[in-house]
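> Test case, fold it:
(one chain, ligands or ions: 1)
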Amino acid sequence: MFFTKVHGLGNDFIVVNAGTGEGFPDDYASLAVEMCDRKFGIGADGLVLLLDSGVADVRMRIINSDGSEAEMCGNAIRCVAKYLYEHNIVRKEEIKVETLAGIIAPQVLHQDGKVQAVKVDMGYPRLERTEIPMLGPAGQVVGENLEVDGENYRITTVSMGNPHCIIFVPDVAAVALTEIGPRIETHPAFPRKTNVEFVQMLSPREVKMIVWERGAGPTLACGTGACAVAVAGVLNGLTERKVTVHLPGGPLEIEWAENGKLYMTGPATEVFHGEYTVYKP
Ligand SMILES: N[C@@H](CCC[C@H](N)C(=O)O)C(=O)O
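Next comes the predicted model:
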């Protein structure tokens, strides 16, 4: 199986161009666990499968390193756009990608045939509690209390197709991410689990964020998470609609435009290509 290793600000993926899917193993969950293992496999936060689509240029499936499937991935979609464009697979400035969160449209910003950055129309955030999904009364979840093992957190929830739970804190360096992250990810209030973002305000136009990802643990960046944070900032009256989100792997530019859509701009990097042997038992 041929693959390409890519990353968006250190959030890394194995991309496999699987076409119709014929000839590939059926069990993508086990394959993702095996290939993403950082000691026994290639190592990555997720496996990205590119498949033929009847409604878009390509269909993207994103399988987290624990084998669970996510609806969308912001960093992966930038990498996919660059990969498709630079390898002449889809040589279009705006590429339509079918995902479980709908059709997403990354736009490649290029010079001399090389992609410098990718701007993605990430669509509309979903804010109703049932759309997150989160248990509880109807309405939006903005600055609501969540009790986790006797401690209280003020949470705001946003779905970018996948669920995000955002918590504003005075200092992200003081957050014990690997302890609290998994407890919120698997909190019974979130029937499909959740990604967890801790955010420190730097100014109304700049925030610092760390993330515990559903199915992958702590990662260096999360594109859907950065979009969700921009929305949470506005809903809590803390940020303007255009913000720079500083992640451990670098910054992303996010705009929650007046048309209601989120636009994310950031880099995408191709690291290496390889061939992977799948041993069937
Ligand atoms: N890193 C991604 C999100 C990947 C999926 C996530 N772990 C989930 O399960 O929802 C991004 O850049 O958006």
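
> The ligand contacts on the stretch 1-150 of the chain?
Contacts of the stretch 1-150 of the chain with the ligand, taken as CB under 6 Å from any ligand atom, map to 11, 62, 64, 70, 73, 74, 75. No exception for glycine: its C-beta is placed from N, CA and C like everyone else's.

> Could you tell me how many residues sit around the first one?
Neighbour count of residue 11, defined by other CB atoms under 10 Å: 28.

> confidence score at it?
We have a pLDDT of 98 for residue 11.

> The second one too?
As predicted, residue 62 sits at a pLDDT of 98.

> Enumerate residues external to the helix or strand that contains it that contact any of its residues.
Residue 62 belongs to strand 58-64 when assigned by DSSP states H and E. Applying CB atoms under 8 Å, 6 or more residues apart in numbering, the external contacts of strand 58-64 come out as 13, 28-29, 31-32, 45-53, 69-70, 72-73, 76-77, 80, 84, 89-90, 95-100, 213-216.

> and it, how far from the chain's centre?
Remark: strand 58-64 is offset 11 Å from the chain centroid, using CA atoms, centre = their mean, to the nearest Å.

> Need the distance between the two termini of stretch 189-203.
31 Å (CA to CA, to the nearest Å).

> Would you agree residue 204 is in contact with residue 237?
No: between residue 204 and residue 237 there is no contact under CB atoms under 8 Å: 9.6 Å.

> more neighbours, these two?
residue 204 (15 against 9).

> ok, the more buried one - contacts?
The contact partners of residue 204, taken as CB under 8 Å, 6+ apart, are 238, 239, 240, 243.

> residue closest to the middle of this protein?
Centroid-nearest residue in the chain, with CA atoms, centre = their mean: residue 73, separated by 3.3 Å.

> What's the local residue count around residue 152?
9.

> Give me the buried positions along the helix or strand hosting it.
Taking DSSP H and E as the definition, residue 152 sits inside strand 151-159. Across strand 151-159, burial judged by 16 or more other CB atoms under 10 Å covers 153, 155, 156, 157, 158, 159.

> pull the CA atoms of stretch 33-52 into PDB?
The C-alpha coordinates for stretch 33-52 follow below in PDB (Å, rounded to 0.1, in the frame of the first residue of the first chain):
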ATOM      1  CA  VAL A  33      -4.400   1.700  14.900                       C
ATOM      2  CA  GLU A  34      -1.600  -0.400  13.300                       C
ATOM      3  CA  MET A  35      -0.300   2.300  10.900                       C
ATOM      4  CA  CYS A  36      -0.600   5.200  13.400                       C
ATOM      5  CA  ASP A  37       1.400   3.400  16.100                       C
ATOM      6  CA  ARG A  38       4.500   5.500  16.800                       C
ATOM      7  CA  LYS A  39       6.600   2.600  17.800                       C
ATOM      8  CA  PHE A  40       5.300  -0.300  15.700                       C
ATOM      9  CA  GLY A  41       3.900   1.500  12.700                       C
ATOM     10  CA  ILE A  42       4.500   4.700  10.700                       C
ATOM     11  CA  GLY A  43       3.200   7.000  13.400                       C
ATOM     12  CA  ALA A  44       0.400   9.600  13.000                       C
ATOM     13  CA  ASP A  45      -2.600  11.200  14.700                       C
ATOM     14  CA  GLY A  46      -4.800   9.700  12.000                       C
ATOM     15  CA  LEU A  47      -5.200   7.800   8.800                       C
ATOM     16  CA  VAL A  48      -6.800   9.700   5.900                       C
ATOM     17  CA  LEU A  49      -8.400   7.600   3.100                       C
ATOM     18  CA  LEU A  50      -9.100   9.300  -0.200                       C
ATOM     19  CA  LEU A  51     -11.900   7.600  -2.100                       C
ATOM     20  CA  ASP A  52     -13.900   8.200  -5.200                       C
END
